[in-house]
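Colleague: 3D, please:
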Amino acid sequence: MRLLSKVSGGKALLEALKKEGVTIIFGIPGGAILPIYDELYDFDIRHVLCQHEQSAAHMADGFARASGKPGVCFATSGPGATNLVTGIANAYMDSSPLIAVTGQVPKSMIGKDAFQEVDIIGITTPITKYNFQPRSASEIPEIVKKAFFIASTGRKGPVLIDIPKDVQTEECELEFPEKVTIRGYNPYKKPCEKQINAAVELLASAEKPMILAGGGAAYPEASDYILKISELLLAPVATSLMGKGVFPEDHPLSLGLLGMHGTLAANKLVSEADVLLSVGTRFSDRTTGKVDEFCKETKVIHIDIDEAEISKNKKVDLAIIADASEALKAIYEGLIARLNKREETAWFKRVKEFKEVWEGWIFEEESSKELKPIPILKILRKILPIESILVTEVGQNQMWSALYFKVFKPRTFITSGGLGTMGFGLPASIGAKAAKSDVPVVDVAGDGSFMMTENALSVSVAENLPIIAVIINNRVLGMVAQWQRLFYGKRYSAVKLDRVDFVKLAEAYGAHGVRVQDLNEFSKALKEALKLDVTSVIDVPISPEEDALPMVPPGSSLEKILGVEKWDWVMKKG
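Modeller: The predicted model follows:
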């Protein structure tokens, strides 16, 4: 422990954050957190002044996903704290490590409806891993250490620290712990040897093995072992939306996205597999479709560090509660001791057949010279360097990106999965750029989602965090309109958007803006944007009638796919 002479609680917080390696904070000051901001004046921690606290949380979240380290955001009490809630919930649903620090009214005023007082602990308890409210400055160093430990271990997630104003100004002698233990919290779970052996036995004897990779496998160590196991078994790999990037999507065994907007290959073949190795996925409804119909005849192995996810949504045959990389390493070592690398199998030929059909479908769809989503995403992939980070908004733009923009590495595709937060993409891309300043960061947006947090453009410009926003502009709330088109008899209710001039909007914030009219202009605009050192907004107008397909209707099994009717013949082959 390191002992400091008497310092304020605000200074103690910042010293503790520095010890955790924090170099950047996203936030907005206000009365109840001013003592901390006054101390921040003398610290060499970068502060990014945001335009809205929700964006501050999304920026910290984007930073965390791109870097693998917890992101930090600050807000004042009352409305400042409540504005963080959506961003905190988003991080919680997607298991992203986040430290949210809020100011609070003085201890003597808590519970008395003081100005800008809310019970932010009560409000956020269901959407955080843990919450703290120090009652004296002396508690702050240990609380910060615990917060980072909780947020970044086990199943990662957000932690909130709510600090009363008088605790921020209180002075006392402080000790900074080098490590902490928390009673009842043991995030380090090693795989059980008996369960590993059972998994090896199932996979080694499988004729049609398949792997499903989720967000819990989205880091290099786990990704590497999934690749090794896949190639050893000739097992195709599908991903959940959060798992995109775990497996290189140019690999012959990559099936792409599974679920409501999954690929033809992934959605059909998962029901044919005899053993499914699922890693770090919670079997959400958007991934499984009708869960009672999902893999009914398949032996399912589930690796997850969170015991609460085991058989919560999908009853599994074998559970391994452990860190994904450790479990996968043990499985691979067990398989390599038993098997030689397989030659081409009938199952692998089946996978190739489906992939050829899927790629052929994409080729047909992109043959038009019009501005359409598939060629737009393929041009993005062709021009952007492999290490670029693609962030999405939520809606059709998100599904088009997930389907048609191939990703090769973990942490290079960032999206709002569990909560599906419109407005996530722009601020998250700014946070990602803060984490990875040396790589291009692109936000693929819909006009409706982009407008929810468009004032973050000014943050990007003012803070010299240049990103590229590609707005696939259909002048409607696209996914809602698609559902109304497909399931509500084209009764378009409250989805048409007044046209916004995104070029003028970008220029008003000091960004570069351009509108394109064809694919050649789009390619040119993207290449130009990559050369600029200021944020660019590329407005790409498309038809409001474009659908994000394929799509499985809600409540249906994954085999009931809309948009691929012309391929019924391959769907029926066993």
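
Colleague: Tell me which stretches of the stretch 1-150 of the chain form helices.
Modeller: Under the criterion DSSP state H, counting those that start in this stretch, the stretch 1-150 of the chain carries helices at the ranges 9-19, 34-40, 53-67, 79-83, 85-93, 120-124, 140-152.

Colleague: what's the most buried one of those helices?
Modeller: Among the helices of the stretch 1-150 of the chain, ranked by average contacts under mean count of other C-beta atoms under 10 Å, first place goes to helix 53-67 (a mean of 30). All C-beta atoms are positioned from the backbone trio N, CA, C, and that covers glycine.

Colleague: tilt between that helix and helix 85-93?
Modeller: Between helix 53-67 and helix 85-93, the angle comes out at 30 degrees (axes from the mean of the first three to the mean of the last three C-alpha atoms, to 10 degrees).

Colleague: will you turn the helices of the stretch 1-150 of the chain into JSON lines that also has distance to Ala402 and mean pLDDT?
Modeller: Formatted as JSON lines, the helices of the stretch 1-150 of the chain follow (distance: least, C-beta to C-beta, whole Å; pLDDT from 0 to 100):
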{"stretch": "helix 9-19", "distance to Ala402": "34", "mean pLDDT": "97"}
{"stretch": "helix 34-40", "distance to Ala402": "38", "mean pLDDT": "98"}
{"stretch": "helix 53-67", "distance to Ala402": "15", "mean pLDDT": "98"}
{"stretch": "helix 79-83", "distance to Ala402": "28", "mean pLDDT": "98"}
{"stretch": "helix 85-93", "distance to Ala402": "17", "mean pLDDT": "98"}
{"stretch": "helix 120-124", "distance to Ala402": "29", "mean pLDDT": "98"}
{"stretch": "helix 140-152", "distance to Ala402": "26", "mean pLDDT": "98"}
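
Colleague: So which of those helices is nearest Val237?
Modeller: Of all the helices of the stretch 1-150 of the chain, helix 53-67 sits nearest to Val237, with 20.7 Å by C-beta to C-beta.

Colleague: which secondary structure elements does that closest one contact?
Modeller: strand 24-27, strand 71-75, helix 79-83, helix 85-93, strand 98-104, strand 413-414, helix 425-435, helix 456-462 (3 or more C-beta pairs under 8 Å, 6 or more residues apart in numbering; DSSP states H and E).

Colleague: So which of these is nearest Glu221?
Modeller: That would be strand 413-414 among the helices and strands packed on helix 53-67, by C-beta to C-beta, at 18.1 Å.

Colleague: by contact count, what packs against the closest one?
Modeller: helix 53-67, strand 389-392, helix 425-435.

Colleague: now the helices of the stretch 1-150 of the chain in JSON lines, with distance to Val391?
Modeller: Listed next are those as JSON lines, based on distance: least, C-beta to C-beta, whole Å:
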{"stretch": "helix 9-19", "distance to Val391": "25"}
{"stretch": "helix 34-40", "distance to Val391": "27"}
{"stretch": "helix 53-67", "distance to Val391": "7"}
{"stretch": "helix 79-83", "distance to Val391": "21"}
{"stretch": "helix 85-93", "distance to Val391": "13"}
{"stretch": "helix 120-124", "distance to Val391": "24"}
{"stretch": "helix 140-152", "distance to Val391": "21"}
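
Colleague: Quick one: closest of the helices and strands packed on helix 53-67 to Val316.
Modeller: Per C-beta to C-beta, nearest to Val316 of the helices and strands packed on helix 53-67: helix 85-93, 21.3 Å.

Colleague: Let me see the residues that make contact with the closest one.
Modeller: Residues from elsewhere that reach helix 85-93 (C-beta atoms under 8 Å, 6 or more residues apart in numbering): 53-58, 60-61, 64, 73, 96-98, 100, 123-124, 127-129, 157-158, 160, 416-419, 421, 424.

Colleague: what number of residues lie near Met109?
Modeller: By other C-beta atoms under 10 Å, the residues close to Met109 number 16.

Colleague: what's the distance between the residue nearest to it when sequence neighbours are not counted and Phe132?
Modeller: Take Met109 and drop its neighbours on the chain: the residue closest to it by C-beta to C-beta, 6 or more residues apart in numbering is Glu117, 6.6 Å away. Going from Glu117 to Phe132 by C-beta to C-beta, to the nearest Å gives 18 Å.

Colleague: Nothing else from me, thank you.
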